[in-house]
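> Dropping a prediction and its sequence here:
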Amino acid sequence: MKCEKCGIEFKEQEKREKAFVWQGQTMCEECLFKMGVSPEDALTWTAFQHEQEDKRGI
């Protein structure tokens, strides 16, 4: 998985803590900051996955 802004690659174990979803894009914390978005305002990758599962009824 990669940040859609800068292209940094997330290792499997890192994506749960270091990957965020903002407006449908996967991003790293640094890119969020550059856009003026606090990580608290974005979904963590894990939260995003749970949200998607809930929508599908899994």
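Perfect, thanks for sending it. Residues are numbered from 1 along each chain as shown.
> Can you mark which positions in stretch 32-51 are buried?
For stretch 32-51, burial by neighbour count (16 or more other CB atoms under 10 Å) applies to 32, 37, 42-45, 48. In short, each C-beta sits where N, CA and C put it, glycine included.
> Report the separation between the residue most central in space within the chain and Gly57.
Closest to where the C-alpha atoms of the chain average out (CA atoms, centre = their mean) is Phe20, at 1.8 Å. Distance, Phe20 to Gly57, using CB to CB, to the nearest Å: 25 Å.
> And Ser38, by the same measure?
Distance from Ser38 to Gly57, by CB to CB: 31 Å.
> cool, Met1 as well?
Distance from Met1 to Gly57, counting by CB to CB: 24 Å.
> Over to Glu30?
As for Glu30, its distance to Gly57 is 35 Å (criterion: CB to CB).
> List the contacts of the helix ranked longest in the chain.
If you go by DSSP state H, the chain has its longest helix at helix 45-56. Outside helix 45-56, the residues that touch it by CB atoms under 8 Å, 6 or more residues apart in numbering are 1, 15-16, 19-21, 26, 43.
> change it to 7 Å
Defining contact as CB atoms under 7 Å, 6 or more residues apart in numbering, one finds that helix 45-56 is touched by 15-16, 19-21, 43.
> For those residues, give me CSV that also has distance to Glu53 and pLDDT.
Shown next, in CSV, are these (distance: CB to CB, whole Å; pLDDT from 0 to 100):
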residue, distance to Glu53, pLDDT
Lys15, 16, 86
Arg16, 15, 84
Ala19, 17, 94
Phe20, 18, 94
Val21, 14, 94
Leu43, 13, 90
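> which ones among those are found in strands?
19-21, 43 (DSSP state E).
> Check those residues and tell me the two furthest apart.
Farthest apart among these by CB to CB are Ala19 and Leu43. That separation is 9.7 Å.
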